[in-house]
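Engineer: Compute the structure for the input listed below.
(one chain, ligands or ions: 1)
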Amino acid sequence: MKILIAVKRVADYNVKVRAKSDNTGPDLANVKMAINPFCEIAVEEAVRMKENGIATEIIAVSIGPQAAQEQVRTALALGADRGILVETDVDLEPLAIAKCFKAICDKENPDMVLLGKQAIDGDNNQTGQMIGALTGWAQATFASEITVDDGNITVIREVDAGLQTVKLKLPAIVTVDLRLNEPRYASLPNIMKAKKKTIDKTTPEELGVDTAPRVILLKAEPPAERQAGVKVEDVAELIEKLKNEAKVIS
Ligand code: AMP
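Structural biologist: All right, here's what the predicted structure looks like:
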């Protein structure tokens, strides 16, 4: 089974990203970048499938600037076999990303595309669903368990009301949720080995993808700063403050 995994380059989840002074977007200058955490879970799942003899080839795909090669390289160190970098300096919207994936699916004919349920920068939660629509393949979102058997996969999905189990025919698109697995760290020998693995480079234009934006970002504002809290000595003082300062009780 051939698996495509999506690895998006985003600001590391530990970094507190600030908005640019003119509020036109996040200020990513000198910010530590990493693989989107949900994509790490997708990589881990594909690697486990290879270790269990289910997957035969794992291809890591990133769409982004030249520097996104680092995230593809990390996926290779974690166990992907080869990489594809679709190079663009434009921050593409989910539809354009999905079209790039569709073009790669047409060339590579994977049995499964594994993506994160969302990218932590744009929080769009759209790309996997759009690839599903463009390819016409079966699709399962928010996977917390995936089992493969003979041309089908069974996916347990995390939904608001609990867990939902669905069966899909391959090829399929699956977006992964937090509880699917715990990603491993790349070992030093595997980081060294990954340097020899191939990363093919292409562009949205070469893939024939129309990247014209449909949505314009008008403004990006940071959340309002929280006021510092106050420590009270006892319940009596709390009640006194709620009554006379906050005036929320009488
Ligand atoms: P989104 O719809 O933007 O929230 O992204 C959902 C998932 O699509 C992410 O978790 C990634 O797995 C994948 N994805 C989105 N953008 C990219 C990109 N530029 N390169 C690779 N994968 C991406």
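Engineer: can we go C-alpha only for contacts and neighbour counts from here?
Structural biologist: OK.
Engineer: ok, the residue lying closest to L78 once chain neighbours are set aside - how many residues close by?
Structural biologist: For L78, ignoring the flanking residues on the chain, the nearest one in space by Cα to Cα, 6 or more residues apart in numbering is A186 at 5.1 Å. The number of residues packed near A186 is 15, by other Cα atoms under 10 Å.
Engineer: Mind pulling the model confidence for A186?
Structural biologist: Predicted confidence (pLDDT) for A186: 96.
Engineer: Give me the distance between the residue nearest to L92 when sequence neighbours are not counted and P204.
Structural biologist: Nearest residue to L92, sequence neighbours excluded (Cα to Cα, 6+ apart): T211, at 6.9 Å. Noted for T211: a distance of 7 Å to P204, by Cα to Cα, to the nearest Å.
Engineer: longest single strand anywhere in this structure?
Structural biologist: Longest strand in the chain, counting residues (DSSP state E): strand 138-149.
Engineer: Give me the buried positions along it.
Structural biologist: Buried residues in strand 138-149, counting neighbours by 16 or more other Cα atoms under 10 Å, are found at 138-146, 148.
Engineer: Also stretch 6-20?
Structural biologist: Neighbour-count burial for stretch 6-20, counted by 16+ other Cα under 10 Å, picks out 6-12, 17-19.
Engineer: Could I get those residues in a markdown table, plus columns for distance to I58, pLDDT and secondary structure?
Structural biologist: A markdown table is the format used below for those (distance: Cα to Cα, whole Å; pLDDT from 0 to 100; DSSP: H, G, I helix; E, B strand; the rest coil):
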| residue | distance to I58 | pLDDT | secondary structure |
| --- | --- | --- | --- |
| A6 | 11 | 98 | strand |
| V7 | 12 | 98 | coil |
| K8 | 16 | 98 | coil |
| R9 | 18 | 98 | strand |
| V10 | 21 | 97 | strand |
| A11 | 24 | 95 | strand |
| D12 | 24 | 96 | coil |
| V17 | 32 | 87 | coil |
| R18 | 35 | 86 | strand |
| A19 | 36 | 85 | strand |
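Engineer: filter these down to the ones near the ligand?
Structural biologist: 6-8 (Cα under 6 Å from any ligand atom).
Engineer: ok, which residues in the chain are in contact with the ligand?
Structural biologist: Applying Cα under 6 Å from any ligand atom, we find that the chain lies next to the ligand at 6-8, 38-39, 61-64, 94, 97, 115-119, 122-128.
Engineer: Could you identify the buried members of those residues?
Structural biologist: Neighbour counting with 16+ other Cα under 10 Å marks 6-8, 38-39, 61-64, 94, 97, 115-119, 125-128 as buried within those.
Engineer: mind listing the helices in the protein by residue range?
Structural biologist: Remark: helices assigned in the chain by DSSP state H are 37-51, 69-78, 94-108, 127-135, 188-194, 235-244.
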